[in-house]
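Trainee: sequence and predicted structure are below.
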Amino acid sequence: MIQFKIAILVGSLRKESWNRKMANALIALAPNSLSLEIISIGDLPLYNEDLETAPPSEWIAFRKHLASFDAVLFVTPEYNRSLPAVLKNAIDVGSRPYGKSCWDGKPGAIISVSPGNIGAFGANHHLRQSLVFLNVPAMAQPEAYIGSVATLFDDQGILSNESTKAFLTKFINSFQMWISSNIKREVN
């Protein structure tokens with residue numbers, strides 16, 4: 001059985017982040033064919049092209065680590081109808097230097113998470129726009145806008161809503177098929 005390595009980027013840095021809880025729920029629900037790992041992005045220095053002559057060690061480590069994954073899953077809140085700055089910064093750091101993007105060709109998927117009713121719709125779609133430019137084929141269906149997230153987890157941060165579990169199981173299984181269909185393969 002082929003196992004795909006999936007990088008999860010969580011767009012919230014908050015200790016009790018709903019998005020991190022959602023990422024952990026996805027890890028628990030994933031089939032054995034997927035190995036998911038949350039990649040830390042909170043300590044990346046802000047992208048500044050002037051630093052490319054001597055990139056910060058955090059950029060180098062992030063780029064190298066990200067390059068080792070087959071696909072990427074974004075779990076993001078919405079800030080001011082868009083994606084959080086920490087996530088945009090990680091995207092920018094990984095896309096440089098020009099011509100050496102770590103994102104290029106990696107199949108991707110997005111789950112947007114919000115305590116509100118519309119499930120961070122704006123962030124989800126803004127992120128999709130960036131992924132087109134980065135050549136990340138983003139899974140179109142099922143779309144994942146998770147609203148009213150505060151009602152979905154128990155006191156220990158475990159996903160307890162059965163219909164959400166069923167939806168996320170469908171989502172992660174669809175993502176596995178999406179990866180299989182869209183992964184860039186090295187040809188010898």
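Mentor: Great, that's in hand. Since the model is a prediction, treat every value here as computed from it, not as a measurement.
Trainee: and the helices in the chain?
Mentor: Along the chain, counting by DSSP state H, helices occupy 18-29, 57-67, 85-94, 121-133, 162-182.
Trainee: so how far is Ser40 from the residue most central in space within the chain?
Mentor: By Cα atoms, centre = their mean, the mean C-alpha position of the chain lies nearest to Phe74, the distance being 1.6 Å. Using Cβ to Cβ, to the nearest Å, we find Phe74 at a distance of 14 Å from Ser40. C-beta coordinates here come from the backbone N, C-alpha and C atoms, glycine included.
Trainee: swap in Ser163?
Mentor: From Ser163 over to Ser40 the distance is 31 Å, taken as Cβ to Cβ.
Trainee: my guess is Gly108 contacts Pro137. True?
Mentor: Yes - the pair Gly108 / Pro137 is scored as a contact, 6.9 Å apart, by Cβ atoms under 8 Å.
Trainee: the two: which has the busier surroundings?
Mentor: For Gly108 versus Pro137, the count of surrounding residues by other Cβ atoms under 10 Å is larger for Gly108: 24 against 19.
Trainee: tell me what that one is bridged to.
Mentor: In this entry, Gly108 is beta-bridged to Val72, Ala138, by DSSP bridges.
Trainee: then Leu34?
Mentor: As assigned using DSSP bridges, the partners bridged with Leu34 are Phe4.
Trainee: okay, now it: neighbour count?
Mentor: Residues within reach of Leu34, counting by other Cβ under 10 Å, total 21.
Trainee: also Glu49?
Mentor: Glu49, neighbours per other Cβ under 10 Å, totals 10.
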